[in-house]
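coordinates only, no sequence provided:
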């Protein structure tokens with residue numbers, strides 16, 4: 001039975017969560033309309049599929065263990081989530097590697113000239129946070145310094161009945177090598193490449209191998225999520241007094257999401273700064289010579 005006056009009816013009969021339910025209904029209708037419009041592109045499909053995962057939105061909720069974002073960091077995180085370029089009027093070519101970026105405005109997240117700079121910092125910070133989570137759950141965990149032959153994975157996690165070697169990797173799903181793939185295929189492809197590279201060495205060490213793959217939005221591959229669940233299960237089966245400084249899985253995911261998008265912003269700022277400096281040097285050399 002539909003009430004004749006909805007506002008008056010719910011004033012007398014309050015319904016918990018009504019505003020949230022109505023807002024969700026409206027948003028879902030708008031999303032459905034967009035998905036069937038001419039403006040819906042394959043890049044939007046990749047972005048929206050990734051952003052539907054809960055791990056991609058945890059950075060929006062402040063956490064006491066991580067400082068609040070600056071305006072610049074928040075702007076970059078929101079623009080990426082909305083499918084907007086980091087800045088208006090970006091050049092069509094990357095000044096560092098000369099790649100066409102007219103269709104890939106977030107090229108800085110995978111530019112080869114930034115990979116041994118801010119991208120490596122993001123990788124190492126994420127790896128160390130995962131190791132800290134494992135240690136807080138009563139696992140023995142260690143970080144491997146990369147060797148020159150690039151054989152060693154990133155870290156080792158020892159559980160009661162299982163020993164794991166893992167390798168962490170961030171993926172820009174809008175990069176040219178992944179942009180035409182179906183949603184989730186970029187993460188699967190990178191995970192398969194990591195297994196091909198590392199599984200033989202891990203078997204020789206008597207360990208299982210787990211690829212930990214995350215895209216730029218913070219969406220984790222299924223293997224990474226299963227590893228987190230296995231680590232948490234280890235703490236539940238441990239004997240003795242629980243670790244008073246234990247980092248819960250929920251707290252880890254929130255800290256990881258906050259740190260990941262903070263480091264994304266740092267990568268983009270470094271790429272934009274280096275690109276600007278390269279353009280200036282190039283223009284100056286043309287004037288001089």
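Yep, that arrived. From a predicted model like this one, the values you see are computed outputs, not experimental measurements.

per-residue confidence for residue 279?
Note on residue 279: pLDDT of 88.

neighbours of the nearest residue to it once chain neighbours are set aside, how many?
In space, and not counting its chain neighbours, residue 279 is closest to residue 95: 4.8 Å by CB to CB, 6 or more residues apart in numbering. From N, CA and C alone the C-beta is placed, and that goes for glycine too. Residue 95 has 19 neighbouring residues, counting by other CB atoms under 10 Å.

helix or strand: which one has residue 247?
Under the criterion of DSSP states H and E, residue 247 resides outside all helices and strands.

correct me, but it touches residue 139?
No. Residue 247 lies out of contact with residue 139 (CB atoms under 8 Å); the separation is 11.5 Å.

if you count contacts, what does the helix ranked longest in the chain end up packed against?
Using DSSP state H, we find that the single longest helix of the chain is helix 249-288. Under the contact criterion of 3 or more CB pairs under 8 Å, 6 or more residues apart in numbering; DSSP states H and E, helix 249-288 touches helix 71-81, helix 118-136, helix 222-237.

save these as a markdown table, and put in mean pLDDT too.
Converted to a markdown table, the helices and strands packed on helix 249-288 look like this (pLDDT from 0 to 100):
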| stretch | mean pLDDT |
| --- | --- |
| helix 71-81 | 94 |
| helix 118-136 | 95 |
| helix 222-237 | 89 |
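
with respect to residue 270, which of these lies nearest?
helix 118-136 (4.4 Å; CB to CB).

give me the helices and strands touching the following helix or strand past that closest one, please.
Elements were assigned by DSSP H and E; along the chain past helix 118-136, the next helix or strand is strand 140-143. With contacts taken as 3+ CB pairs under 8 Å, 6+ apart, strand 140-143 sits against helix 118-136, strand 155-158.

lowest-pLDDT helix or strand in this structure?
helix 6-12 (a mean of 59; mean pLDDT, DSSP states H and E).

related to what we said a few turns ago, of all the helices and strands packed on strand 140-143, which one is nearest residue 176?
Among those, helix 118-136 sits nearest to residue 176 (CB to CB), with 16.9 Å.

ok now that closest one, how far from the chain's centre?
13 Å (CA atoms, centre = their mean, to the nearest Å).

could you do stretch 36-45 as well?
22 Å.

what's the span of that stretch, first residue to last?
11 Å (CA to CA, to the nearest Å).

what stretches of the stretch 1-150 of the chain score poorly on pLDDT?
Scanning the stretch 1-150 of the chain for pLDDT under 70 picks out 1-14, 65, 148-150.

let's see 90
Along the stretch 1-150 of the chain, the model assigns pLDDT under 90 to residues 1-25, 27-28, 30-40, 61-70, 88-89, 91, 115-116, 138, 144-150.

so residue 28 sits in a helix?
Yes. When DSSP: H, G, I helix; E, B strand; the rest coil is applied, residue 28 is found to be in a helix.

need the contact list for the residue nearest to residue 279.
The contact partners of residue 95, by CB atoms under 8 Å, 6 or more residues apart in numbering, come to 274-276, 278-279, 282.

of all the helices and strands packed on helix 249-288, which gets the most neighbours per residue?
helix 118-136 (a mean of 19; mean count of other CB atoms under 10 Å).

let me know the angle separating it from helix 222-237.
Counting by axes from the mean of the first three to the mean of the last three CA atoms, to 10 degrees, helix 118-136 lies at 30 degrees to helix 222-237.

what lies in contact with stretch 220-236?
Here stretch 220-236 has contacts from 53, 55, 133-134, 136-139, 157, 159-160, 162, 164, 166, 187-188, 190-191, 210-214, 242-243, 246, 248-249, 252-253, using CB under 8 Å, 6+ apart.

which of those are buried?
The neighbour-count test (16 or more other CB atoms under 10 Å) marks 55, 133-134, 136-139, 157, 159, 164, 166, 187-188, 190-191, 210-214, 252-253 as buried among the contacts of stretch 220-236.
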